[in-house]
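Asker: Need coordinates for the following:
(chains A and B)
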Protein chains: 2
Amino acid sequence: LQLVAGYMGFSGILGHEFVGIAESGPLTDQRVVGEINCICNDCDMCSRGLGNHCSNRSVIGILNHDGAFADYLIVPEQNLHAVPDEMSDDLATLVEPIAAALQILEQVDLSSDTRVIVVGDGRLGNLCAQVLKNAKCNVTVVGRHEAKLRTFAALNVTTCHLDDAPTDRAADVVVDCSGSSTGLATALSFVRPRGTVVMKTTVAAEHEIALAPIVIDEITLVGSRCGPFDKAIAAITNNEFQLDGFISGRYPLERYREAFKHATLRDALKIILEIS
Amino acid sequence: LQLVAGYMGFSGILGHEFVGIAESGPLTDQRVVGEINCICNDCDMCSRGLGNHCSNRSVIGILNHDGAFADYLIVPEQNLHAVPDEMSDDLATLVEPIAAALQILEQVDLSSDTRVIVVGDGRLGNLCAQVLKNAKCNVTVVGRHEAKLRTFAALNVTTCHLDDAPTDRAADVVVDCSGSSTGLATALSFVRPRGTVVMKTTVAAEHEIALAPIVIDEITLVGSRCGPFDKAIAAITNNEFQLDGFISGRYPLERYREAFKHATLRDALKIILEIS
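Answerer: The predicted model follows:
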């Protein structure tokens, strides 16, 4: 939805969370998911092992590379991961966002007494909350949507409406999954001095924000994007995620307009487009 | 100057970088410098050893506590540090900003091959560049003022005018000492993906900034404020700083208007107010 709103200035075929059948390469005829960064293996970033930040990359469905809302999709062989037989297609489409949620663990030190607030009760907020809960953190989700917040009860995650959010600035770590340009300011209102804000939200708009509090309170902000597919596949296979009810709708590709409209609804989590 | 411009909404006596004679307490009759955060020793932050972030603090010359541009100044005993006899009064006034510069080393991992850009050729930029040079980093200072940039030659620090700054985004760490609301955007234009921006600039204004690149490039932003006085006193005593020419002007307190005007000049570094 952000891409349609103008984020990245992308014009091309959308779709970067997908499962399909490989038609060539070592995984031919197997179900596969694919990492979205298509890299040069040659630049300074690639040489450092930071291929996701390749200077010459294209990004499937986001930057100079057509995405998965199509009959066929070209993915570099090195990006592909086989999907275990026991994993459903629905779950396989969640490998990419679950990897992104797991990226938090690669970047921030967390322990069982870490007080974490997740800002945002949507799809990414849900997955991040589950990752953090699995990491034994003390997690609270703050959101605006009663119906979405109720879905967290099954996860044993504490929730709170934004209007009733704590004002004691006691969170060690806040993860902004709001998908809103106001999310960072909200996150900063929750984090304690010397705490960490993980920025997961990418929006097209510029933010107007008072940055002096970041300096005064010595806050650390950590941008966080794509994560480890192998760990995501393992975690899903180990049933570490509670994903019942996560698929809010299912449409054939031809009915993409309806699908997009559904995705904008308050209660929508993941919408699946199917290509037969 | 930022406080006069409205930063922190402070109204009271300014002055938070000072040396004086203690009139009571264990350091009576000794020359002393003082940490600026006056803390409660009781709150959650104080209990964690993060007294500089005390929830109930006043800050000398900045927040609910009159500062040093006066005949007398009240400083909690625990804030005082004796000044070694061999340290001049001029150098003693630099303990506070040098401590703030040294704070970078407390927060960011640096090594001899770390490429660092310091944005800002003023007072704090100068001190931060020296701290980073002493830590064996590969340091470049980017600024707007030819005269100020020339002062870095004596430090063996590479300099570059902002208009000629590198566009290859190769810096591992960028320190924003610009004192400008545009400094963060400049810093972000220099830092490599997965690099770190240290925010040293506190300005009254709000910033309008595109934050998506922080997420996409997984940049870490670290707010950095007050630092260790003991280390600053030791480093100055060990002659680790080249501070010749650092004092740009000297005025009796009565001539504070001239002193402030001088401080706004392009070439001004530190201005001393003297109280006899």
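Asker: okay, CA-based contacts and neighbour counts for the rest of this
Answerer: Will do.
Asker: Pretty sure A:Leu149 sits against A:Thr159.
Answerer: Yes - between A:Leu149 and A:Thr159 there is a contact under CA atoms under 8 Å: 6.3 Å.
Asker: Give me the common contacts of those two.
Answerer: Taking CA atoms under 8 Å, 6 or more residues apart in numbering or on different chains as the criterion, A:Leu149 and A:Thr159 both touch A:141, A:143.
Asker: Give the residue spans of chain A that score low on pLDDT.
Answerer: Filtered on pLDDT under 70, chain A yields the residue ranges A:204-205.
Asker: Dump stretch A:149-157 to PDB, restricted to CA.
Answerer: C-alpha atoms of stretch A:149-157 as PDB (Å, rounded to 0.1, in the frame of the first residue of the first chain):
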ATOM      1  CA  LEU A 149      -5.700  -5.600  19.400                       C
ATOM      2  CA  ARG A 150      -8.000  -8.500  20.400                       C
ATOM      3  CA  THR A 151      -6.100 -10.900  18.100                       C
ATOM      4  CA  PHE A 152      -3.100 -10.500  20.500                       C
ATOM      5  CA  ALA A 153      -5.000 -12.100  23.400                       C
ATOM      6  CA  ALA A 154      -4.500 -15.500  21.900                       C
ATOM      7  CA  LEU A 155      -0.800 -14.800  21.800                       C
ATOM      8  CA  ASN A 156      -0.700 -13.900  25.500                       C
ATOM      9  CA  VAL A 157       0.600 -10.500  24.600                       C
END
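Asker: distance between stretch A:60-73 and the chain's centre?
Answerer: Relative to the centre of its chain, stretch A:60-73 is centred 18 Å away, using CA atoms, centre = their mean, to the nearest Å.
Asker: Would you indicate which residues of that stretch are buried?
Answerer: A:60-63, A:65-69, A:73 (16 or more other CA atoms under 10 Å in any protein chain shown).
Asker: Tabulate those (TSV), appending distance to chain B and secondary structure.
Answerer: Output for the buried residues of stretch A:60-73, formatted as TSV (distance: CA to the nearest CA, whole Å; DSSP: H, G, I helix; E, B strand; the rest coil):
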residue	distance to chain B	secondary structure
A:Ile60	14	coil
A:Gly61	15	coil
A:Ile62	12	coil
A:Leu63	12	strand
A:His65	16	coil
A:Asp66	19	coil
A:Gly67	18	coil
A:Ala68	20	coil
A:Phe69	22	coil
A:Leu73	23	coil
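Asker: where do the helices sit along the stretch 151-276 of chain A?
Answerer: A:183-190, A:212-216, A:229-237, A:256-263 (DSSP state H, counting those that start in this stretch).
Asker: Now do the buried residues in the last one.
Answerer: Think helix A:256-263. A:256, A:259, A:262-263.
Asker: now, which of these sits nearest A:Gln103?
Answerer: Relative to A:Gln103, the closest of the buried residues of helix A:256-263 is A:Ala263; by CA to CA it sits at 24.4 Å.
Asker: neighbours around A:Asn238, how many?
Answerer: 9 (other CA atoms under 10 Å in any protein chain shown).
Asker: and the stretch 151-276 of chain A, which residues reach chain B?
Answerer: For the stretch 151-276 of chain A, the contact set with chain B under CA under 8 Å from any CA of the partner chain comprises A:193, A:199-212, A:214-225.
Asker: quick revisit: JSON lines for the buried residues of helix A:256-263, including distance to A:Ser111?
Answerer: Putting the buried residues of helix A:256-263 into JSON lines (distance: CA to CA, whole Å) gives the following:
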{"residue": "A:Tyr256", "distance to A:Ser111": "42"}
{"residue": "A:Ala259", "distance to A:Ser111": "39"}
{"residue": "A:His262", "distance to A:Ser111": "37"}
{"residue": "A:Ala263", "distance to A:Ser111": "34"}
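Asker: show me what contacts A:Thr167?
Answerer: A:189-190.
Asker: Determine the number of other residues adjacent to whichever residue of the stretch 1-150 of chain A sits closest to chain B.
Answerer: Residue of the stretch 1-150 of chain A nearest chain B, by CA to the nearest CA: A:His53 (6.3 Å). Using other CA under 10 Å, A:His53 has 23 neighbouring residues.
Asker: Restrict the residues of the stretch 151-276 of chain A next to chain B to the buried ones and give me that as a PyMOL selection.
Answerer: Paste this into PyMOL to select the buried members of these, with burial taken from 16+ other CA under 10 Å:
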select buried, chain A and resi 193+199+200+201+202+203+204+205+207+209+210+211+212+214+215+216+217+218+219+220+221+222+223+224+225
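Asker: Filter the residues of the stretch 151-276 of chain A next to chain B down to the ones in strands?
Answerer: Of the positions in these, A:193, A:199, A:207-209, A:220-223 sit in strands, assigned by DSSP state E.
Asker: For the residues you listed, give me CSV that also has distance to B:Val4.
Answerer: Below are those laid out as CSV (distance: CA to CA, whole Å):
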residue, distance to B:Val4
A:Pro193, 25
A:Met199, 33
A:His207, 26
A:Glu208, 23
A:Ile209, 21
A:Thr220, 28
A:Leu221, 29
A:Val222, 32
A:Gly223, 34
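Asker: At which residues are the strands of chain A located?
Answerer: A:20-21, A:31-34, A:37-38, A:58-59, A:80-82, A:115-119, A:138-143, A:158-161, A:171-176, A:191-199, A:207-209, A:220-223, A:247-252, A:270-274.
Asker: Contacts for the fifth one, please.
Answerer: Residues lying outside strand A:80-82 but in contact with it, judged by CA under 8 Å, 6+ apart, are A:27, A:30-35, A:229-230.
Asker: Kindly recompute the last result at 10 Å.
Answerer: A:19-22, A:25-28, A:30-36, A:92, A:229-230, A:233 (CA atoms under 10 Å, 6 or more residues apart in numbering or on different chains).
Asker: Isn't A:Ser58 up against A:His16?
Answerer: No - at 11.9 Å, A:Ser58 does not count as touching A:His16 under the criterion of CA atoms under 10 Å.
Asker: So for the two, which sits in the more crowded spot?
Answerer: When A:Ser58 and A:His16 are compared for neighbours, A:His16 comes out ahead with 22 against 18, by other CA under 10 Å.
Asker: Go ahead and confirm the more buried one touches A:Glu96.
Answerer: Yes - with contacts defined as CA under 10 Å, A:His16 counts as touching A:Glu96 at a distance of 8.0 Å.
Asker: got any residues that touch both of the two?
Answerer: With CA under 10 Å, 6+ apart as the test, A:His16 and A:Glu96 both reach A:33-36.
Asker: TSV please, covering those residues and showing neighbour count.
Answerer: Output for the shared contacts of A:His16 and A:Glu96, formatted as TSV (neighbours: other CA atoms under 10 Å in any protein chain shown):
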residue	neighbour count
A:Val33	27
A:Gly34	26
A:Glu35	25
A:Ile36	26
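Asker: Pick the one among these closest to A:Leu273.
Answerer: Here the nearest of the shared contacts of A:His16 and A:Glu96 to A:Leu273, counting by CA to CA, is A:Val33; it sits at 15.0 Å.
Asker: Relative to A:Leu91, how far out is the closest one?
Answerer: Applying CA to CA, to the nearest Å, the value for A:Val33 to A:Leu91 is 11 Å.
Asker: list residues touching both of these two?
Answerer: Taking CA under 10 Å, 6+ apart as the contact rule, A:Val33 and A:Leu91 both touch A:18-19, A:83, A:233.
Asker: Contact partners for A:Asp90?
Answerer: Listed by CA under 10 Å, 6+ apart, the contact partners of A:Asp90 are A:18-19, A:243, A:246-247, A:250, A:270-272.
Asker: List the contacts of the spatially most central residue of chain A.
Answerer: Residue closest to the average C-alpha location in chain A (CA atoms, centre = their mean): A:Pro97, at 3.9 Å. Applying CA under 10 Å, 6+ apart to A:Pro97 gives the contacts A:16-17, A:103, A:123-124, A:127-128, A:225-227, A:229, A:232.
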